[in-house]
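Trainee: Can you look at this prediction? I've put the sequence above it.
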Amino acid sequence: MRFVSLEKIWQVYPNKYQALNVAALEARRVIEGLNKGELQLGRNIYEHSLERLVNSEINYDKLTEAEMEALTRAGYGETAYGPTA
């Protein structure tokens with residue numbers, strides 16, 4: 001698939017912002033796998049992620065409160081001014 005249309009994405013995810021966030025998380029997972037040498041991909045990472053999204057190959061579960069807290073600056077040990085000492 002060369003081009004993933006928004007209409008195809010909306011068939012799977014009615015909220016386009018949520019869909020693009022899920023695809024971005026998949027792209028990050030793929031990039032980490034490529035950096036570790038666990039995955040090999042001969043195409044554009046973002047096209048691959050959007051195609052997996054449209055084909056319902058990505059499982060999405062809502063984050064728990066603990067996971068949401070871990071994603072905040074405090075969860076990473078940062079303040080608004082940079083890392084904490």
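Mentor: Perfect, I can see it now.
Trainee: Please, where are all the strands along this structure?
Mentor: 78-79, 82-83 (DSSP state E).
Trainee: dump the residue contacts of the most centrally placed residue in the chain.
Mentor: Nearest to the mean C-alpha position of the chain, by CA atoms, centre = their mean, lies residue 25 at 1.1 Å. Residue 25 makes contact with no residue under the criterion CB atoms under 8 Å, 6 or more residues apart in numbering. Using the backbone N, CA and C atoms, a C-beta is placed for each residue, glycine as well.
Trainee: That one and residue 53, how far apart?
Mentor: Applying CB to CB, to the nearest Å, the value for residue 25 to residue 53 is 10 Å.
Trainee: hang on, the earlier thing: against residue 18, how distant is the residue nearest to the centre of the chain?
Mentor: Relative to residue 18, residue 25 is positioned 11 Å away (CB to CB).
Trainee: next one: residue 61
Mentor: Separation of residue 61 from residue 18 (CB to CB) stands at 13 Å.
Trainee: Show me which of the two is the more surrounded one.
Mentor: Ranked by neighbour count (other CB atoms under 10 Å), residue 61 and residue 18 place residue 18 first, with 11 against 6.
Trainee: Residue 53 - how many residues pack around it?
Mentor: 22.
Trainee: Correct me if wrong: it contacts residue 21.
Mentor: No. In this structure, residue 53 is not within contact of residue 21 by CB atoms under 8 Å, at 10.3 Å.
Trainee: Just the mean pLDDT for stretch 9-29, thanks.
Mentor: On average, the pLDDT along stretch 9-29 is 83.
Trainee: Actually, stretch 68-82.
Mentor: 66.
Trainee: if I pick the residue nearest to residue 27 when sequence neighbours are not counted, what's in contact with it?
Mentor: Setting aside the residues directly before and after it, residue 27 is nearest to residue 49 in space (CB to CB, 6 or more residues apart in numbering), at 4.3 Å. Shown in contact with residue 49 (CB under 8 Å, 6+ apart): 23-24, 26-27, 30, 58.
Trainee: from these, which would you call buried?
Mentor: 23, 26-27, 30, 58 (16 or more other CB atoms under 10 Å).
Trainee: taking those residues one by one, which sit in helices?
Mentor: 23, 26-27, 30 (DSSP state H).
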